[in-house]
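Visitor: Just to be clear, the model below is a prediction. Sequence and coordinates:
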Amino acid sequence: MSETSDQKKTRPQGRRLLLTLAGVALGMFGFGFALVPLYDIFCEVTGIRLIDNGRVSASEVQFEPTDEERWVTVHFDAAVDRGLPWEFGPSEKFMKVKVGEVSETLYLAQNQSSEAVIGHAVPSVAPAQASIYFAKTECFCFTQQRLEAGESQEMPVRFVIDPALPKNTKVLTLSYRFYKYDEESGTLAKADRS
Amino acid sequence: MSTAETTHHDQDDHHDHGPAKGLSRWVFTTNHKDIGTLYLLFSLAMFFVGGAMALVIRAELFQPGLQVVEPDFFNQMTTMHALVMIFGAVMPAFVGLANWLVPMMVGAPDMALPRMNNWSFWILPFAFAMLLSTLFMESGGPAAGWTLYPPLSLQGGDSFAFVIFAIHLMGLSSIMGAINIVATILNMRAPKMNLLRMPLFVWTWLITAFLLIMVMPVLAGAVTMLLTDRYFGTSFFNAAGGGDPVMFQHIFWFFGHPEVYIMILPAFGIVSEIIPTFARKPLFGYVSMVYATASIAFLSFIVWAHHMFTTGMPLGGELFFMYATMVIAVPTGVKVFNWVATMWKGSMTFETPMLFAVGFVILFTIGGFSGLMLAIVPADFQYHDTYFVVAHFHYVLVTGAVFSIMAAAYYWLPKWTGNMYSETLGKWHFWLSVVTVNLLFFPQHFLGLAGMPRRIPDYSVQFAEFNMWSSIGGFAFGLTQLIFLYIVLKASFGKRTEQLPDRVWEGAKGLEWTVATPAPYHTFDEAPDFRDEDVAHGDVAH
C-alpha cells in the first residue's frame, strides 16, 4: 500500500480490491464446509483422535502383562431413537471389570411394533479420552439387527479394557443408541420431527 | 455498478442537488449519510423490539414457577432476543456509524460503492421481517438458542427454514457492508491521510470489516449445513448418518468468537475518539492501540473452543484454548490502560458522551474479568451454561457495545442534526442507565455461581431474591431507554434554535468537525487539506 493514497484510485485498482474481497468471502464460505474433513484430518495428524469404535478381533488383544490387579466399573447405558419402536436396555447397569481380561454382558431388545424392523446401534464411550482403551471384540453394533414383530432378543457385547487406561479413570460408560435402518435408502433413518 | 456516484465530472449539477423529496429519497438513496441514518434508526427500532423480548424473559423470571408465558415461548424469546440484539441492534448500529463517519473522517465524498451500500441496508428489513414472522407461524420461532446447536435446533417446526434464510440475508448484508468499508478506507482517503493518521474509529472498523468478511461466510456455511441436514438428507451433524453434532459447535464458534469482537472493536474505536476530546489530551499510545486491535482480531481466530470446554476435549486442547484465551487480556489491557492514561491529568469534563465512555471503560472491564474467569478450564466446568455466562456477556455487550453506541450517538448527534441534545436529560439517562443496568446484571453473577442454569423459565426458590432484583433492574433499564428515544427524536425533528459551531466540542479532533453543523448532504467533494494536529489524537510524529 502506498503511504499517501489518492482520493480516487483508478477504476481497475478499485475493482481488483472489490473482487479480491468478494473472493475472500466466497472462499471462506467454502472453508466452512472444508472444516468438516479438516477437523478429522487435524485429529489424525496430531494423534488426538479419541473416538475409536471399530471392531477388535480377539486375537489382536495382546496387552503388556502387568503384575498389579486392577478393577474398574463399567456403566452400561442405552437409548432408542424416536423413529424406532423398540424397547432396549442393558441387562445390568453396572459391572466390575478386571482390566486386561475379556468380559461379557447382555443387552435386551424387543420390537414393540406389529411389523419387522431393522435397527442399527451406534456406540460411544465416556469419558471420550478412554474410548481408545475400550476394545470391543464382539458387539451387536457391528451389524444390523432385524427383529420380527414382537420379537425379543438378547444381544451380547464382549469387550476388554487395555491396562494402559489412565490411572485416574475409574468409571467408564458404554452407551448405545439404536437407530432405525431404512432399507430403501440404505441409511439410518432420522428421528421423526416433532 | 453506477458511475454517477463514484465519479464527479459526468453530472454537472452534482454539487448542488440536495436530497430527493419524499419516501423515494430513502428507498433509492446512495448517500452515505442517508444510509447511515437508516441503519441507525433501524438499529434503534430493533433495540426496542429485542428489549421487549428481554422484558418477557425478565417478567417470567421475576418469581419462581411458571406465571407469564409457556416454556416453549420463553425459549423462543431467549433465542429471538439474542438474534435481534446481535444482528439487528448492535451490528447495524456500528455499520450505521461507519456509514456516517468513515467517509467524513478520511475526507472522502461518499462510500466507495454507494449503490451496493443501498443494497446492504435494504436487505435488512426483509431479513428481520422473515425472522420475526416466524413468531406468528404455527410452529413458532426458533427456540434452541441463538447458537442453533443441533440436534435440538433441527427438531423444531418448519419455520426453521425462514430463520436460516434470514441469517443468510443478514450475513449477505454484513459482508457487502464490510467490503464497502474496506474499499472506502483503502481507496478513498484524502491525500495526506496515511494509515497512521487515521482516527482510531476508522482503524477499528477496518479490522472489524476484515473479520466480517472472514467469518460471516463461515456462519452462512454452518447454517446451510443445518438446512441440508434438515431438508435434504445430509448428515453433517446427524450421528445416525455418521455425522457429529459437536462438529457444528466447532464451525459455529469459528464464526462466533470473531463475531463477539466484531461487536466490540468498533466500540473501542468510539471510546478512543471520545475520551481524548473530553480529557483535552491526545490519545495515549495511538500506535499501540492500533496494534492491540490487530492482535485481538488475530487471537479471536484461535480461541473458539473455549465455548466448548465441556464437550470432552483432549487435555492438550483445553490447555491451548485456555492460555490462548487468557492472552487476549494482554492487548485488551493495553487498551484499557491507554484510556486511563489518556484521562490521567487531563482537563476532564463530564458531558453525556464522556459519562457513557467512562462508564464503558469501567463496566466493560468488569465483563472482561468475568471472561477471564470463564477462560479457566476447571472453573468453566462449573460456570458453563449458568447465569454467570449471561452476566458476563451482558456486561461486555450492554455496558460495553451498547454504552459505546449511546456515547457515539450523544457525541455526534449535534453534528448529524444541528441540534444540541438536552444535557440535563442526557445525564438523567446515563445515571439511571448505569444504576439500573448494574441492578439488572450484577446479581446474575451470584445466580450463576450458585448454579442457576441459563435458558430455563423456572428456577429453585433459593434464587428468587436475586432474580427479583434483576427483573426490577431490567424493567427500570428498559423504561430508562425511552428517555434516549425522546432525546434522539427531539434532536432529529425538533426546531433548530441556535447555530452550533463546526467544532461542536471544544477539544474534538478529526475531519468530521471541520465541516458545517449540521453536516451538509455532500461533504469533501474536494479532498481536504489539513494539518497533523487537526486529525491525529495521537502524539505520532509523521
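Guide: Yep, it's here. Residues are numbered from 1 along each chain as shown, chains lettered A, B, ... in the order given.

Visitor: helix, strand or coil for the residue in the stretch 1-150 of chain B that chain A sits nearest to?
Guide: Of all residues in the stretch 1-150 of chain B, B:A112 sits closest to chain A, at 6.6 Å by CB to the nearest CB. Using the backbone N, CA and C atoms, a C-beta is placed for each residue, glycine as well. What DSSP: H, G, I helix; E, B strand; the rest coil gives for B:A112 is coil.

Visitor: What sits closest to it if chain neighbours are left out?
Guide: With sequence-adjacent residues excluded and distances taken as CB to CB, 6 or more residues apart in numbering or on different chains, B:A112 is closest to B:A183, at 3.7 Å.

Visitor: packing partners for the strand or helix carrying B:E259?
Guide: Following DSSP states H and E, one finds B:E259 within helix B:245-262. Helices and strands touching helix B:245-262, by 3 or more CB pairs under 8 Å, 6 or more residues apart in numbering or on different chains; DSSP states H and E, are helix A:11-46, helix B:200-231, helix B:286-299.

Visitor: hmm, try it at 10 Å
Guide: Secondary-structure packing of helix B:245-262 (3 or more CB pairs under 10 Å, 6 or more residues apart in numbering or on different chains; DSSP states H and E): helix A:11-46, helix B:91-106, helix B:160-187, helix B:200-231, helix B:286-299.

Visitor: among those, which is the most enclosed?
Guide: Each of these was assessed for mean neighbour count using mean count of other CB atoms under 10 Å in any protein chain shown. The highest is helix B:91-106, with a mean of 28.

Visitor: and the very next helix or strand once past that helix with helix A:11-46, angle?
Guide: Once helix B:91-106 ends, the next helix or strand along the chain (criterion: DSSP H and E) is helix B:114-133. Relative orientation of helix B:114-133 and helix A:11-46, computed by axes from the mean of the first three to the mean of the last three CA atoms, to 10 degrees: 50 degrees.

Visitor: pLDDT weak spots in chain B?
Guide: Scanning chain B for pLDDT under 70 picks out B:1-17, B:536-542.

Visitor: quick one: whatever residue of it ends up closest to chain A from A:G30, how far?
Guide: The minimum distance from chain B to chain A, using CB to the nearest CB, falls at B:G221 (2.5 Å). Taking CB to CB, to the nearest Å as the measure, B:G221 falls 8 Å from A:G30.

Visitor: Buried residues in the strand ranked longest in chain A, which are they?
Guide: Ranked by residue count and defined by DSSP state E, the top strand of chain A is strand A:171-182. Buried residues in strand A:171-182, counted by 16 or more other CB atoms under 10 Å in any protein chain shown: A:172, A:174-181.

Visitor: re the thing from before, doesn't B:L113 make contact with the residue nearest to B:A112?
Guide: Yes: shown here, B:A183 and B:L113 form a contact pair, counting by CB atoms under 10 Å, at 6.0 Å.

Visitor: what sits in contact with each of these two?
Guide: Counting by CB atoms under 10 Å, 6 or more residues apart in numbering or on different chains, the residues touching both B:A183 and B:L113 are A:14, A:18.

Visitor: so what's B:A401 up against?
Guide: Applying CB under 10 Å, 6+ apart to B:A401 gives the contacts B:85-86, B:89-91, B:93-94, B:260, B:262-267, B:270, B:360, B:364.

Visitor: do B:P520 as well
Guide: B:18, B:33.

Visitor: Could you point out the helix or strand that follows the helix holding B:E259?
Guide: Toward the C-terminus, helix B:245-262 is succeeded by helix B:265-279 as the next helix or strand (DSSP H and E).

Visitor: Just want the angle from that next one to helix B:286-299.
Guide: 160 degrees.

Visitor: Direction-wise, compare helix B:265-279 with helix B:245-262 and give the angle.
Guide: Using the same axes, to 10 degrees: helix B:265-279 against helix B:245-262 is 20 degrees.

Visitor: ok now the helix or strand containing B:W428, how far from the chain's centre?
Guide: B:W428 belongs to helix B:423-449 when assigned by DSSP H and E. Taking the mean of its C-alpha atoms, helix B:423-449 sits 19 Å from the chain's own mean (CA atoms, centre = their mean, to the nearest Å).

Visitor: swap in stretch B:411-421?
Guide: Computed by CA atoms, centre = their mean, the chain-centroid distance of stretch B:411-421 equals 21 Å.

Visitor: List the buried residues of it.
Guide: Using 16+ other CB under 10 Å as the test for burial, stretch B:411-421 gives B:411-421.

Visitor: same thing with stretch B:63-79?
Guide: By 16+ other CB under 10 Å, the buried positions in stretch B:63-79 come out as B:63-64, B:69, B:73-79.

Visitor: Out of those residues, which comes closest to A:L38?
Guide: Nearest to A:L38 among the buried residues of stretch B:63-79: B:T79, at 29.0 Å, using CB to CB.

Visitor: residue contacts, the closest one?
Guide: B:53, B:134, B:141-148, B:153, B:156, B:163, B:455 are the contacts of B:T79 under CB under 10 Å, 6+ apart.

Visitor: same question, B:G368
Guide: Residues counted as contacts of B:G368 (CB under 10 Å, 6+ apart) are B:264, B:328-329, B:332-333, B:335-336, B:392, B:395-396, B:400.

Visitor: Strands - which of the residues you listed land there?
Guide: Among the contacts of B:G368, no member falls in strands (criterion: DSSP E).

Visitor: what distance separates the start and the end of stretch B:455-468?
Guide: Using CA to CA, to the nearest Å, the end-to-end distance of stretch B:455-468 comes to 17 Å.

Visitor: ugh, wrong one, I meant stretch B:296-306
Guide: One end of stretch B:296-306 to the other measures 15 Å (CA to CA).

Visitor: sorry, back to before: which among the contacts of B:T79 end up buried?
Guide: Applying 16+ other CB under 10 Å to these flags B:53, B:134, B:141-146, B:148, B:153, B:156, B:163, B:455 as buried.

Visitor: which one of those is nearest B:K427?
Guide: B:M53 (28.7 Å).

Visitor: Identify the residues contacting the closest residue to the closest one other than its chain neighbours.
Guide: In space, and not counting its chain neighbours, B:M53 is closest to B:H81: 4.0 Å by CB to CB, 6+ apart. For B:H81, the contact set (CB under 10 Å, 6+ apart) comprises B:49-57, B:146.

Visitor: returning to that earlier point: and the next element down the chain from the helix holding B:W428?
Guide: Past helix B:423-449, the next helix or strand by DSSP H and E is helix B:464-493.

Visitor: what's near enough to touch B:Q499?
Guide: Neighbours of B:Q499 in contact, by CB under 10 Å, 6+ apart: B:418, B:516-518.

Visitor: Filter those down to the buried ones, ChimeraX style.
Guide: Remark: buried members of the contacts of B:Q499, expressed as a ChimeraX selection using 16+ other CB under 10 Å:
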select /B:418,517,518
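
Visitor: Is it possible to get CSV of the contacts of B:Q499 that adds secondary structure?
Guide: Formatted as CSV, those follow (three-state DSSP):
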residue, secondary structure
B:G418, coil
B:A516, coil
B:T517, coil
B:P518, coil
